[in-house]
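Novice: next input, structure requested:
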Amino acid sequence: MNVVSIDAFHLKYPFEPSCACIGYFDGIHKGHKELLLNCIEQADKNQLKKVCITFDPDPWVIFKNEKQKHLSTLSDKIQILSSYGFDEVYILQFSKEFASLSIESFHHLLKEMNIKILICGFDFKYGQFNSGNVDTLKKQNDFKVIVIDSVNFSNLKISTSRIEPLILKGELYQSNVLLDYIYSISGYIEHGFKRGTNVLKIPTANLNVDQEYILPKTGVYAGMVLLENQFYKAMINIGTNPTFNNQHLTIEAHILDFDEDIYGQKIRFFFYDRIRDEMKFHSIDELKNQLLRDIQYVDQLNFDECLLKNTRNIFFKN
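Specialist: Below is the predicted model:
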């Protein structure tokens with residue numbers, strides 16, 4: 001899959017005729033999936049390039065001038081889109097100038113990008129002051145427009161704004177169902193306090209995480225890690241380790257059936273479901289016994305096969 005950064009005001013790329021879907025696609029959830037699969041189907045049917053158009057940076061970063069937390073980084077987004085079979089991803093460079101484009105200028109841009117079929121969600125907005133919508137898109141004659149209706153679960157629209165609060169509340173299984181894969185964050189393994197190895201005899205991998213991610217509520221989670229293209233079950237803790245009176249938030253995982261030195265390596269933590277709150281124990285032995293029970297729970301837990309399959313399809317590199 002080819003990834004192309006596009007400056008809307010200086011088009012230099014040799015665009016081929018394409019069927020394209022468009023959106024910010026944070027998290028790429030079940031609602032997005034309907035749109036993406038429709039794009040793939042229409043592209044194949046009409047013998048066009050399969051293209052996904054997204055934006056970077058986040059429009060809110062430009063308008064609010066502050067960092068935003070996301071379900072997925074741009075790198076994650078590209079990896080997920082690659083699993084769908086797109087030929088190309090066009091990343092439109094978002095700026096105040098881009099946001100100020102008139103409706104007509106935006107239509108002209110898509111025409112110049114050789115879009116023959118455009119697929120978008122029913123609530124897609126564009127142009128200055130978000131004055132463009134699916135109705136104005138349909139009025140132009142340069143390309144065909146297909147609008148995807150709301151995708152619902154339990155009679156409510158599936159959206160990033162619905163999933164984010166679930167993650168923040170620690171309701172990871174529910175958020176995973178809406179995502180259609182297991183939520184994850186990535187970073188590098190860093191040195192911790194070594195209490196897991198030296199005191200508890202339960203070694204953990206400490207994650208130096210990308211600050212862009214939305215983090216789940218503090219607590220203990222059943223999950224997995226992906227390390228060097230291998231998945232391992234893991235017990236994951238997010239919190240301050242109150243038994244040791246820490247103040248600094250840490251994210252660490254005990255990786256089941258694993259004992260290797262992995263400091264400095266890239267790793268991805270997957271949060272399947274929340275087990276319990278983080279607790280302050282009266283003794284080290286009490287803490288250790290609870291952690292051993294948590295590990296046993298994770299070891300015996302059967303993950304949802306559909307979520308597991310979708311997660312592997314996205315992140316496992318053949």
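Novice: can you classify residue 90 by secondary structure?
Specialist: Recorded secondary structure, residue 90: strand (DSSP: H, G, I helix; E, B strand; the rest coil).
Novice: domain boundaries for this structure, per the record?
Specialist: The chain is divided into the following domains under automatic domain parsing: 2-157, 177-315.
Novice: residue boundaries of the strands in this protein?
Specialist: 2-6, 18-22, 49-56, 88-93, 115-121, 144-148, 152-153, 156-157, 183-190, 205-209, 219-227, 230-239, 250-255, 266-276 (DSSP state E).
Novice: from the contact counts, what lies against the second one?
Specialist: Counting by 3 or more Cβ pairs under 8 Å, 6 or more residues apart in numbering; DSSP states H and E, the packing neighbours recorded for strand 18-22 are helix 30-45, strand 49-56, strand 115-121. From N, CA and C alone the C-beta is placed, and that goes for glycine too.
Novice: that one: partners in the sheet, and parallel or antiparallel?
Specialist: Applying DSSP bridges, strand 18-22 is found paired with strand 49-56 (parallel), strand 115-121 (parallel).
Novice: correct me if wrong: residue 71 contacts residue 166.
Specialist: No. At 10.6 Å, residue 71 does not count as touching residue 166 under the criterion of Cβ atoms under 8 Å.
Novice: when the two are compared, which one has more neighbours?
Specialist: Neighbours were counted for residue 71 and for residue 166 using other Cβ atoms under 10 Å; residue 71 has more, 23 against 20.
Novice: which residues touch that one?
Specialist: 26-27, 29, 160, 163-164, 167, 179, 183, 213-214 (Cβ atoms under 8 Å, 6 or more residues apart in numbering).
Novice: and the pLDDT for it?
Specialist: Listed pLDDT for residue 71 reads 97.
Novice: again with the one 3 residues further on
Specialist: According to the prediction, residue 74 has pLDDT 96.
Novice: and if you look at the one 10 residues further on?
Specialist: For residue 84, the model assigns a pLDDT of 97.
Novice: let me see the contact set for it.
Specialist: Contacts of residue 84 (Cβ under 8 Å, 6+ apart): 36-37, 40, 52.
Novice: averaged pLDDT, stretch 239-259. What do you get?
Specialist: 88.
Novice: pull the residues that contact that stretch.
Specialist: Under Cβ under 8 Å, 6+ apart, the answer for stretch 239-259 is 185, 192-193, 195-196, 202-207, 209, 215, 218-219, 223, 225, 227, 232-238, 269, 278-281, 284, 287, 291, 295, 298-299.
Novice: repeat that for stretch 41-54.
Specialist: For stretch 41-54, contacts defined as Cβ under 8 Å, 6+ apart pick out 16-25, 36, 39-40, 77, 81, 84-92, 113, 115-117, 119, 146.
Novice: the same query, at a cut-off of 7 Å, please.
Specialist: Applying Cβ atoms under 7 Å, 6 or more residues apart in numbering, the external contacts of stretch 41-54 come out as 16-25, 36, 39-40, 77, 81, 85-92, 116-117, 119, 146.
Novice: buried subset of these, written for ChimeraX?
Specialist: Applying 16 or more other Cβ atoms under 10 Å to the contacts of stretch 41-54 leaves a buried subset, and the ChimeraX line that selects it is:
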select :18,19,20,21,22,23,24,25,36,39,40,77,81,86,87,88,89,90,91,92,116,117,119,146
